[in-house]
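>>> sequence and predicted model, in that order:
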Amino acid sequence: MRRMLGAGAIVTVPGRGLHFGLEVAPETAHLALPERPSVVVLPFSNLGGDAELDWLADGFVEDITTELSRFRDLFVVARNSAIVYRDMPRDLRMIARELGVRYVVEGSVRASPDHVRVTAQLIDATTGGHVWAENFDRDLAGHFETQARVARAIVTCLAPQIDRAEATRIKSDPPDDLTAHGMALRGWSLISTREMSYDRGPRDVAADLARQALTRDPGSGLAWRVLAWVSWWHAYHATTETVPGTLADGIEAATRAIAADPTDHHARRLRALLHFMNQNSNAGLPELRQAHEMNPNCAVTLAWLGLYEGFHGDAGKGVPLAEAALRRSPRDPARGSLLAALGFAHFAVRNYAAAADAAKAAHAEAAGSATPLILATIAWVGVGRIDRAAAAFDQVRAIAPTLVEARLAGDWLTSNADYLARAHMFFRIAAGLVPPDAADALR
C-alpha cells in the first residue's frame, strides 16, 4: 500500500498498529429532489463484446433522454451528467443522491450485424425498488431509424410507469407536507387513474386539490390542467348541472395551462377534447394533431387522435393510430381508455365486431366504468346481437343512470352526424324503445 500510495499513506502507530494517513475527500454534496418526478438515463451496457458498437449503446441513451424530455411533467438529467458513470461501479442510491433524482433507467444492448436486442429497466433509486422492465427486439437494417424507433418505444412504455409509481408514492404523503405542485400532482394522478369512473367523487377530490394548489400558486399550469380534465369527464358523464358551462370552464382552464407552459402536450390534448365535446371539431382536430406532434411518444394522445381522426378527420387513419397506441404501450396504466378509443374508432368505420371485442377488453381493464358498456351496447346492435346489447344496456343503466338518460335524450356530445345517428338509434334499440329492424338502414 505504501508503494502504491506513498510512504505517508500508511502510518505505524507504536503499540496500536497501522493508521491510514491520507486525507479523505469530503462526501459529495447531495442534491435535493425536484418537485417533478426526476429521472436519469445511465449509460447502457454493450453486451455484444464488440467495442466498435459502443456508439450504438450511447445512441440509445441519447435518444431516450431526448424523448423523455418531451414529457413536461418530468425532470430529466442531461446526458452529459449521466455519461460520467459509464466506467465506474454503480451504487444507484449514491448516483441518485449526487444527481438529485428519484428514478434511474438502466439498460443493455446486444447487437449483431442484422439484429439488436435492447433491455431497459426503471428503478426507484431512493428505495431500490424495481418498477418496470422490458425487452425490445428489432432488425438492425437502417440502424439509425431502428435506434430512433426503439428509443421511442422504450419511452412510450417508460413514461406511464413513472406516472404510476408517482401516483402510488404520493398517496402516502401527508397533505400538509405537499407544495402547490405536489397538490396539483396528486390531483393529476387521481383524475388520471380514476378518469373513466362514473362516480364523481374522485373528480371532485382532484378538483379540490387543484384549487388548493392555485391558492398557493395561481400560475400552476398542472393545476389548471387538472381542472380541464375534470371538466371533460363531468361533461362526458353528465355529472354536472350545466354541460355548456362546464365545457366553457374546462376550455378556459386548459387555455390557462397552455399559457403557463406552451409546450405542455397534455394541456393541448385536453383543450382539443373539450373543443370536440363543444361541437367544434374545426378547432379540436388541428390542436389534437399538434399535441401529438409535440410529443409523439404519448400513447394516450395517440389513442385519442385515432378516435377523433375516425370521427372528424381521415377515417382510414383512426383504427391504425389507436392500434399503434396499444402496441407502443402494451402495459399502459390507461389501457382501458386506449381500448375504448380503439373500439369507438372501429365503430366509426362500421367494424362492429371489432368494436365489441374492444369494449369487452376495455371493460376488463375498467370494470366500474360506463364507457366500455356504452361502446358494447351500440356495438352489439351493430353486430345484430340485440340480446347482448340489451344486457350491456342494463349494466350501464345500473352504473350510470344519469348518463344513460342523457344519451337516450340524444345528448352524445359530438358533431359527427353519422356517428350520432347510428349511436343514438342503436342505443335506443338496446333500451327496447325502438324495434331492432330500425338499425338495418343505418348499419
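Received it, and whenever you're ready, just let me know what you need.
>>> go through stretch 323-334 and flag the buried ones.
Buried positions in stretch 323-334, judged by neighbour count with 16 or more other C-beta atoms under 10 Å: Glu323, Ala324, Ala325, Leu326, Arg328, Ser329, Asp332, Pro333, Ala334. For every residue, glycine as well, the C-beta is placed using N, CA and C.
>>> same thing with stretch 345-357?
Of the residues in stretch 345-357, those scored as buried under the neighbour-count criterion (16+ other C-beta under 10 Å) are Ala345, His346, Phe347, Ala348, Asn351, Tyr352, Ala354, Ala355, Ala356, Asp357.
>>> report the contact partners of the fifth one.
It refers to Asn351. Each residue near Asn351 by C-beta atoms under 8 Å, 6 or more residues apart in numbering is listed here: Val319.
>>> try 10 Å
Residues counted as contacts of Asn351 (C-beta atoms under 10 Å, 6 or more residues apart in numbering) are Val319, Gly343, Ala345, Asp357, Ala358, Ala379, Gly382, Val383.
>>> now the buried residues of stretch 345-357 in a markdown table, with distance to Leu375, secondary structure and pLDDT?
Formatted as a markdown table, these follow (distance: C-beta to C-beta, whole Å; DSSP: H, G, I helix; E, B strand; the rest coil; pLDDT from 0 to 100):
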| residue | distance to Leu375 | secondary structure | pLDDT |
| --- | --- | --- | --- |
| Ala345 | 11 | helix | 95 |
| His346 | 9 | helix | 96 |
| Phe347 | 7 | helix | 96 |
| Ala348 | 11 | helix | 94 |
| Asn351 | 12 | coil | 97 |
| Tyr352 | 10 | helix | 98 |
| Ala354 | 11 | helix | 98 |
| Ala355 | 6 | helix | 98 |
| Ala356 | 8 | helix | 98 |
| Asp357 | 10 | helix | 98 |
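>>> so can I have CSV of those residues showing distance to Asp91?
Written out in CSV, the entries for the buried residues of stretch 345-357 read as follows (distance: C-beta to C-beta, whole Å):
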residue, distance to Asp91
Ala345, 47
His346, 50
Phe347, 53
Ala348, 53
Asn351, 53
Tyr352, 56
Ala354, 50
Ala355, 51
Ala356, 52
Asp357, 48
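>>> ok, so of those residues, who is nearest His130?
Sorting the buried residues of stretch 345-357 by distance to His130 puts Asp357 at the head of the list, at 33.0 Å, by C-beta to C-beta.
>>> how about the contacts made by the closest residue to the closest one other than its chain neighbours?
On the basis of C-beta to C-beta, 6 or more residues apart in numbering, the spatially nearest residue to Asp357 that is not a chain neighbour turns out to be Gly343, at 7.8 Å. Gly343 sits next to 307, 319, 322, 351-352, 354-362, 371-372, 374-376, 378-379 when contact means C-beta under 10 Å, 6+ apart.
>>> so which of the buried residues of stretch 323-334 are in helices?
Judged by DSSP state H, the subset of the buried residues of stretch 323-334 located in helices is Glu323, Ala324, Ala325, Leu326, Arg328.
>>> residue boundaries of the helices in the stretch 251-400 of the chain?
The residue ranges that make up the helices of the stretch 251-400 of the chain, judged by DSSP state H, counting those that start in this stretch, are 265-277, 281-294, 299-312, 315-328, 335-348, 352-365, 371-383, 386-399.
>>> Serialize these to a markdown table and add fields for distance to Thr12.
Shown next, in a markdown table, are the helices of the stretch 251-400 of the chain (distance: least, C-beta to C-beta, whole Å):
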| stretch | distance to Thr12 |
| --- | --- |
| helix 265-277 | 66 |
| helix 281-294 | 67 |
| helix 299-312 | 66 |
| helix 315-328 | 65 |
| helix 335-348 | 67 |
| helix 352-365 | 70 |
| helix 371-383 | 78 |
| helix 386-399 | 81 |
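>>> wait, which of those helices is closest to His424?
Counting by C-beta to C-beta, His424 lies closest to helix 371-383 out of the helices of the stretch 251-400 of the chain; the figure is 8.8 Å.
>>> so which elements touch the closest one?
helix 221-237, helix 335-348, helix 352-365, helix 386-399, helix 401-408, helix 417-430 (3 or more C-beta pairs under 10 Å, 6 or more residues apart in numbering; DSSP states H and E).
>>> that one relative to helix 352-365, how many degrees between them?
Helix 371-383 and helix 352-365 meet at an angle of 160 degrees, taking axes from the mean of the first three to the mean of the last three C-alpha atoms, to 10 degrees as the criterion.
>>> buried sites along helix 371-383?
Neighbour counts using 16+ other C-beta under 10 Å place 371-383 of helix 371-383 among the buried residues.
>>> how about TSV for these, with pLDDT and distance to Ala133 added?
Supplementary listing: the buried residues of helix 371-383 in TSV, determined by pLDDT from 0 to 100; distance: C-beta to C-beta, whole Å:
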residue	pLDDT	distance to Ala133
Thr371	94	31
Pro372	95	29
Leu373	97	34
Ile374	97	36
Leu375	97	32
Ala376	98	34
Thr377	98	39
Ile378	98	39
Ala379	98	35
Trp380	98	38
Val381	98	43
Gly382	97	40
Val383	97	39
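>>> ok, which pair from those residues is furthest apart?
For the buried residues of helix 371-383, the maximum inter-member distance is 18.7 Å, found between Thr371 and Val383 (C-beta to C-beta).
>>> if I look at Ala291, how far off is Ile258?
Spatial separation of Ala291 from Ile258 under the definition C-beta to C-beta, to the nearest Å is 10 Å.
>>> cool, and Pro435?
When distance is defined by C-beta to C-beta, Pro435 is 48 Å away from Ile258.
>>> now swap in Ala238 and tell me
As for Ala238, its distance to Ile258 is 27 Å (criterion: C-beta to C-beta).
>>> show me where pLDDT drops low in the protein?
In the predicted model of the chain, residues 1-9, 13, 15-16, 19-29, 49-53, 142-143, 171-177, 195 satisfy pLDDT under 70.
>>> hmm, try it at 50
With pLDDT under 50 as the threshold, the chain has low-confidence stretches at 25-26.
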